[in-house]
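Undergrad: Sequence and computational prediction follow.
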Number of protein chains: 2
Amino acid sequence: MAGGEFALIRRWFAGFGAGDDVLLGVGDDAAVLRIPEGQVLHASTDTLIAGRHFPIDTLPEDVGYRAVATAASDLAAMGAEPLGMTLALTLPGADELWLHGFSQGLAKAAKTFSLPLVGGDTTRGSLNITITVLGYTPAGRWLSREGASPGDQLYVSGTVGDAAMALAILSGDIAASQLPGIDEVEQLTRRFTHPEPRIALGAMLREVATSAIDLSDGLLGDAAHIANASGVELVIDSASLPLSEPLQAFGDRERALGWALTGGDDYELLFTLPEGVAPPPGCTRIGDVRTGHGVICDREPEQRGYDHFNY
Amino acid sequence: MAGGEFALIRRWFAGFGAGDDVLLGVGDDAAVLRIPEGQVLHASTDTLIAGRHFPIDTLPEDVGYRAVATAASDLAAMGAEPLGMTLALTLPGADELWLHGFSQGLAKAAKTFSLPLVGGDTTRGSLNITITVLGYTPAGRWLSREGASPGDQLYVSGTVGDAAMALAILSGDIAASQLPGIDEVEQLTRRFTHPEPRIALGAMLREVATSAIDLSDGLLGDAAHIANASGVELVIDSASLPLSEPLQAFGDRERALGWALTGGDDYELLFTLPEGVAPPPGCTRIGDVRTGHGVICDREPEQRGYDHFNY
């Protein structure tokens, strides 16, 4: 896009870049940011591809919002405070209508999650949205996937499986007779389009949790990341999974549990606490940490043949 | 790529992530980096698309090396010290041979420019390489495009136009009778595949230059960025442009000057110094800063009809 790249970025994304710690924003060779004293930098990069990470007919506003929210979720999983982000946007063409919607969603999320847009690149090609989020925590005080110990207890925030049920509804995979009401469908769809990264919860857990991860790939898969990184076995009790009303009311319980266990896109936090530490409000104990490796669950969702999930 | 994403990243990029300031590298929800005391963070994101930013038949080793080098050049333009980088790699498939070559080139550049690979994302889709580089400078002491003043003098490092001549040769745009010797072709091609970001020069200029930019879009276009950001007019004398031997020897002088003025991909630094400040070795004075706006040059390369370039 050569010169047009700058015009595009400036026109649509101007004004999302202000922040107390932004010393130099979009428009130079690099952004300059202040890291508060005594803090260390966190950085995470995520790519979203149409048709892979979201349905191709997703509204551009929702694409923009969700791109920021899911990237911010990685900061939440580290217990990090948001600092800013860069956006690398590859577009087949300068579709003004799409860019307008996308930028509105992006702006809303940038404001909601305190992530000013400080830089980026715009190029022509197949649609590709790559966001790098920057954050900080006190030195030596962040959450990782590594610290779970046998005897710890496993928790999850909020409810799980909602985004997966929403995608099943949107793709026509649910019989009309099994559909929930319109309000419930809207509530579920919003879980997919407007995930709520658990930034405040992550900051709170920084002081007490022994490990944490955000749920992007699915509960069992993400649990396996903690198990592998920590060198422990996680035991998950499917009966204890926190399900929202629509999932509880859904006629096929096996399928509802499948969404909860493998669905992905929930962006809740999965974390471990030492025995005796009370969980923050809105979090549910779903299992235990034992000596061993991998993840054990009493259910075998979908085509999976084993109850050990080692991704 | 779901689970495979982690296997891919780990297999090919493991071991490029170590560094004194890397507290937590690839494999968690975010990387954690130490910013030395008193320093501020610099961040820049660049995307490379095959067929747009490099010929589609470029060797994967060269693609990997060049991706890092061109991203690092943005740190050089700020006078920033390299800290680390993330890589968002979108690939049509897990082409092991391509990945092997790409990762070798990337590793070599990561080591050469002190940019450990601390995180990233790998997805399936059209080839897209997005690198975010992180660096630092002392607080309040970085180069930007904004500070040029009337009376300053305009300088460029190294030689300009080499990468453009290399691309003209590679694409068959030069008559056989005008081709330079094999050694010269190799030297020019290397300027394109292995650009040398001027990191040490940038750090030196941090103390004296009033503005700076790296040459990625072409000398006239990048000069216009300084002119616009600083609110000044830059006057460029084409006779003073530093040309390498092959460009000096090329039969068509107008064309050689066209490569030098508009070619792009040189990744030299263009900067302004107050009158009386001696330039670092290897830098050439090519013009002046005056009251006004835009860029004036005595040549009108290619199809450009004006001598004022306001990109």
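TA: Right, received. Where do you want to start?

Undergrad: Wait, A:G120 touches A:G84, no?
TA: No. The pair A:G120 / A:G84 is not scored as a contact, 11.0 Å apart, by CB atoms under 8 Å. In this view, the C-beta of every residue, glycine as well, is placed from N, C-alpha and C.

Undergrad: Now A:F54. Nearest residue, chain neighbours left out?
TA: Closest residue to A:F54 apart from its sequence neighbours, by CB to CB, 6 or more residues apart in numbering or on different chains: A:V63 at 6.1 Å.

Undergrad: Isn't the one you found up against A:L127?
TA: No. No contact is recorded between A:V63 and A:L127 when judged using CB under 8 Å, the distance being 9.0 Å.

Undergrad: Pull up the overlap in contacts between the two.
TA: Between them, A:V63 and A:L127 have A:A50 as joint contacts when contacts are counted by CB atoms under 8 Å, 6 or more residues apart in numbering or on different chains.

Undergrad: Neighbour count for these two, which is higher?
TA: For the pair A:V63 and A:L127, the greater number of neighbours falls to A:V63 (23 against 19), based on other CB atoms under 10 Å in any protein chain shown.

Undergrad: Checking my notes, the more buried one in a helix, right?
TA: Yes. Using DSSP: H, G, I helix; E, B strand; the rest coil, the assignment for A:V63 is a helix.

Undergrad: what's the following helix or strand after the strand or helix carrying A:A67?
TA: Of the helices and strands defined by DSSP states H and E, A:A67 is found in helix A:60-78. Under the assignment DSSP H and E, the closest C-terminal helix or strand after helix A:60-78 is strand A:81-91.

Undergrad: so, in contact with chain B or not, that next one?
TA: Yes. In terms of CB under 8 Å from any CB of the partner chain, part of strand A:81-91 sits within range of chain B, namely A:G84, A:T86, A:L87, A:A88, A:T90.

Undergrad: And stretch A:155-164, by the same measure?
TA: No. Using CB under 8 Å from any CB as the criterion, no contacts between stretch A:155-164 and chain B are found, and the smallest distance is 14.2 Å.

Undergrad: What lies in contact with that stretch?
TA: Contacts of stretch A:155-164 with the rest of the structure, by CB under 8 Å, 6+ apart, involve A:187-188, A:191-192, A:195-196, A:198, A:201, A:215, A:219, A:241-244, A:246-247, A:256-257, A:259-273, A:279-280, A:282-286.

Undergrad: Let me know the secondary structure of whichever residue of the stretch 101-250 of chain A sits closest to chain B.
TA: In the stretch 101-250 of chain A, the residue that lies nearest chain B is A:S126 (3.6 Å; CB to the nearest CB). Assigned with three-state DSSP, A:S126 falls in the coil class.

Undergrad: Next up, the contacts around it.
TA: Contacts here follow CB under 8 Å, 6+ apart; on that basis A:S126 touches A:T90, A:P92, B:G125, B:S126, B:N128.

Undergrad: again, but for A:D237
TA: Under the criterion of CB under 8 Å, 6+ apart, the contact list for A:D237 reads A:I286, A:G287, A:C297, A:D298.

Undergrad: what lines up beside the helix or strand harbouring the first one in the sheet?
TA: What that stands for is A:I286. Here A:I286, judged by DSSP H and E, is contained in strand A:283-290. Here strand A:283-290 is paired, per DSSP bridges, with strand A:153-157 (antiparallel), strand A:233-236 (antiparallel).

Undergrad: Give me whichever of these is most buried.
TA: Each of the strands paired with strand A:283-290 was assessed for mean neighbour count using mean count of other CB atoms under 10 Å in any protein chain shown. The highest is strand A:153-157, with a mean of 24.

Undergrad: picking up where we left off before, how about JSON lines for the contacts of A:S126, with pLDDT added?
TA: Formatted as JSON lines, the entries for the contacts of A:S126 read as follows, by pLDDT from 0 to 100:
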{"residue": "A:T90", "pLDDT": "92"}
{"residue": "A:P92", "pLDDT": "87"}
{"residue": "B:G125", "pLDDT": "89"}
{"residue": "B:S126", "pLDDT": "90"}
{"residue": "B:N128", "pLDDT": "95"}
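
Undergrad: Return the member of those nearest to B:A67.
TA: Within the set of the contacts of A:S126, B:N128 lies nearest B:A67; the separation is 10.9 Å, counting by CB to CB.

Undergrad: With A:I49 as the reference, measure out to that closest one.
TA: Using CB to CB, to the nearest Å, one obtains 9 Å as the distance from B:N128 to A:I49.

Undergrad: and A:E61, what is it in contact with?
TA: Under the criterion of CB under 8 Å, 6+ apart, the neighbours of A:E61 are A:G101, A:F102, A:Q104, A:G105, A:K108.

Undergrad: and with 6 Å instead?
TA: With contact set as CB atoms under 6 Å, 6 or more residues apart in numbering or on different chains, A:E61 has these partners: A:G101, A:Q104, A:G105.

Undergrad: Neighbour-wise, give me the winner out of those.
TA: Top of the contacts of A:E61 by neighbour number is A:G105, holding 22 neighbours under the definition other CB under 10 Å.
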